[in-house]
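Undergrad: okay, sequence plus prediction incoming.
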Amino acid sequence: CFLHWRKVPLCCRSLFLELTYQTQKEHSLLPSSTFTLSLLFYRGKSTLSLHILSVFSAWRTKLPVSLNLFPPVTFTMPSRSLADAFRSHPVHLHQKHLDFSTLQEIPDSHKWTQLDDIEQQHPSVESFITESVPVIDLLDPNVLQNIGNACKTWGVLHVTNHGIPISLLENVESVSSKLFSLPIQQKLKAARSPDGVSGYGVARISSFFSKLMWSEGFTIVGSPLEHFRQLWPQDYTKFCDVIEEHEKEMQKLARRLTWLMLGSLGITKKDLNWAGPKGESKEGGAALQLNSYPACPDPDLAMGLAAHTDSTLLTILYQNNTSGLQVLKEGIGWVTVPPIPGGLVVNVGDLLHILSNGLYPSVLHRAVVNRNKHRLSIAYLYGPPSTVLISPIQKLVGPNHPPLYRPVTWNEYLVAKAKHFNKALSSVRICAPLNGLVDVNDHNSVKVG
Ligand SMILES: O=C(O)CCC(=O)C(=O)O
Ligand SMILES: [Fe+2]
């Protein structure tokens with residue numbers, strides 16, 4: 001291999017070498033364990049030096065060392081859990097916990113007097129004079145086509161007939177509502193630790209802003225048992241049961257939606273290694289994010305949750321009966337996504353953006369607040385198994401469609417997000433899109449206040 005490396009043009013600025021250990025029990029020709037060597041050359045943001053790598057591909061069938069150029073998705077390797085990814089990259093937050101219920105006016109710490117670039121460039125638009133986010137019935141015979149159009153043009157959709165019992169969604173809403181209405185001292189008993197992921201606290205993205213957001217959150221990764229025991233020493237088990245049941249149902253829906261979205265791109269389970277040889281997929285990972293946006297005395301000066309994209313394959317969002325979610329639609333501005341009865345919002349996340357090679361863009365969204373009503377949202381953040389490498393799917397890549405992103409695991413991407421926030425997608429980009437468009441988030445400045 002190293003002989004060929006010399007042929008890499010000097011203009012290549014960087015070389016990524018990813019050595020991954022793969023167990024291939026079923027493969028008759030290879031020993032049970034082989035290494036997959038992924039070589040990825042890139043030169044800044046311009047095109048890839050593919051010619052050198054084609055030499056390697058001929059070897060793939062003969063050698064126990066396989067050289068994958070842009071593997072769609074590969075491997076399992078013992079690695080850190082999602083929670084570890086956060087732990088290894090702590091985000092330093094202003095740990096200021098307000099008791100919103102007692103405030104008559106907005107303190108300076110929460111006054112967004114100067115909006116960041118993205119808010120200034122894109123005004124809010126009234127939903128009745130513009131288009132609205134597509135509503136897709138999952139039982140519609142044209143569901144694939146409808147989902148594909150919505151992902152391509154909006155990066156977000158509403159789904160109905162999704163199969164999640166409304167009573168279950170209401171039960172999770174009720175747990176959230178009880179949780180956030182506990183006294184602040186009680187909630188702080190389940191506070192998220194500075195290097196942790198689960199628990200009560202301000203939005204994780206707060207560290208990128210000088211002003212705090214008008215919201216509080218509670219994150220659940222794995223079991224909420226320990227934290228719930230702190231919050232409700234007497235009756236935590238019934239709350240845990242609700243979360244567990246919700247997780248089970250949402251996992252099923254998230255998996256179904258992932259395959260519908262990929263299916264609308266012509267991708268089947270056999271195109272993805274992590275789907276398993278018979279199409280059965282390994283478990284994806286997930287986090288549940290409960291968000292509370294108290295009524296705010298001056299909503300124009302506050303921000304519920306600042307503009308961001310989700311570091312997921314997709315996110316499924318339930319909102320109580322109060323509006324607040326807005327998505328950025330290029331050429332239009334911020335469009336409100338009001339709750340629809342029985343419906344769930346589905347966002348394209350950054351990892352689906354990468355898998356689809358930018359065909360399905362992750363949607364920039366934010367939450368605004370409201371003068372009179374308390375708003376709750378429940379986000380199911382769904383991703384792949386955390387050690388699977390995600391890169392543009394080979395079927396979507398060709399001479400006219402070079403891969404735009406390098407392979408990255410969910411863990412690695414979370415670390416990139418913790419470092420670069422809305423520039424995380426650009427940080428894993430290896431090539432400018434041929435259509436000259438850049439990621440919407442590239443325009444975002446994170447300075448505020
Ligand atoms: O509250 C909302 O509508 C948005 C929540 C959200 O974007 C998130 O939790 O990532
Ligand atoms: Fe989000």
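TA: Structure's in. What do you need? As the structure is a computational prediction, the values presented were derived from the model and not from experiment. Ligands and ions are numbered 1, 2, ... in the order given.
Undergrad: contacting residues for the closest residue to residue 265 other than its chain neighbours?
TA: In this structure, residue 265 finds its nearest non-sequential neighbour in residue 356, 6.0 Å apart by C-beta to C-beta, 6 or more residues apart in numbering. Every residue, glycine included, has its C-beta placed from N, CA and C. Residue 356 sits next to 151, 262, 265, 392, 393, 396 when contact means C-beta atoms under 8 Å, 6 or more residues apart in numbering.
Undergrad: residue 193: neighbouring residues, count only.
TA: Residue neighbour count, defined by other C-beta atoms under 10 Å, stands at 12 for residue 193.
Undergrad: how about the residues of this structure by ligand 1?
TA: Within the chain, the positions near ligand 1 by C-beta under 6 Å from any ligand atom are 289, 291, 305, 310, 317, 319, 324, 325, 365, 367, 377, 379.
Undergrad: tabulate those residues (CSV), appending neighbour count, secondary structure and distance to residue 197.
TA: Formatted as CSV, those follow (neighbours: other C-beta atoms under 10 Å; DSSP: H, G, I helix; E, B strand; the rest coil; distance: C-beta to C-beta, whole Å):
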residue, neighbour count, secondary structure, distance to residue 197
289, 20, strand, 10
291, 25, strand, 15
305, 25, strand, 17
310, 25, coil, 15
317, 23, strand, 19
319, 23, strand, 23
324, 25, coil, 24
325, 26, strand, 23
365, 23, strand, 21
367, 25, strand, 20
377, 25, strand, 18
379, 23, strand, 14
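Undergrad: all helices for the stretch 251-400 of the chain, in order.
TA: Using DSSP state H, counting those that start in this stretch, the helices of the stretch 251-400 of the chain run over residues 350-355.
Undergrad: give me the low-pLDDT residue ranges for it?
TA: Applying pLDDT under 70 to the stretch 251-400 of the chain picks out residues 274-282.
Undergrad: strands of that one, start to end?
TA: For the stretch 251-400 of the chain, the strands defined by DSSP state E, counting those that start in this stretch cover 285-293, 305-308, 314-319, 325-329, 333-336, 344-348, 365-367, 375-383.
Undergrad: can you list the strands that the third one pairs with?
TA: Right, the one you point to is strand 314-319. If you go by DSSP bridges, strand 314-319 pairs up with strand 344-348 (antiparallel), strand 375-383 (antiparallel).
Undergrad: got the angle between it and strand 325-329?
TA: Taking axes from the mean of the first three to the mean of the last three C-alpha atoms, to 10 degrees, one finds strand 314-319 and strand 325-329 inclined to each other by 140 degrees.
Undergrad: what does strand 314-319 contact?
TA: For strand 314-319, the surrounding residues in contact (C-beta under 8 Å, 6+ apart) are 169, 172-173, 250, 253-254, 257-258, 261, 325, 339, 344-349, 352, 375-382.
Undergrad: could you rerun that using 7 Å?
TA: Outside strand 314-319, the residues that touch it by C-beta atoms under 7 Å, 6 or more residues apart in numbering are 169, 250, 253-254, 257-258, 261, 325, 339, 344-349, 352, 377-382.
Undergrad: quick one: residue 172 and residue 240 touch, right?
TA: No - using C-beta atoms under 7 Å, residue 172 is not in contact with residue 240; the gap is 11.9 Å.
Undergrad: excluding residues flanking it in the chain, which one is nearest the closest residue to ligand 1 within the stretch 51-200 of the chain?
TA: Of all residues in the stretch 51-200 of the chain, residue 156 sits closest to ligand 1, at 10.5 Å by C-beta to the nearest ligand atom. Excluding the flanking residues, the one nearest residue 156 by C-beta to C-beta, 6+ apart is residue 363, at 4.5 Å.
Undergrad: where's that neighbour relative to residue 256, distance?
TA: Distance of residue 363 to residue 256, computed by C-beta to C-beta, to the nearest Å: 20 Å.
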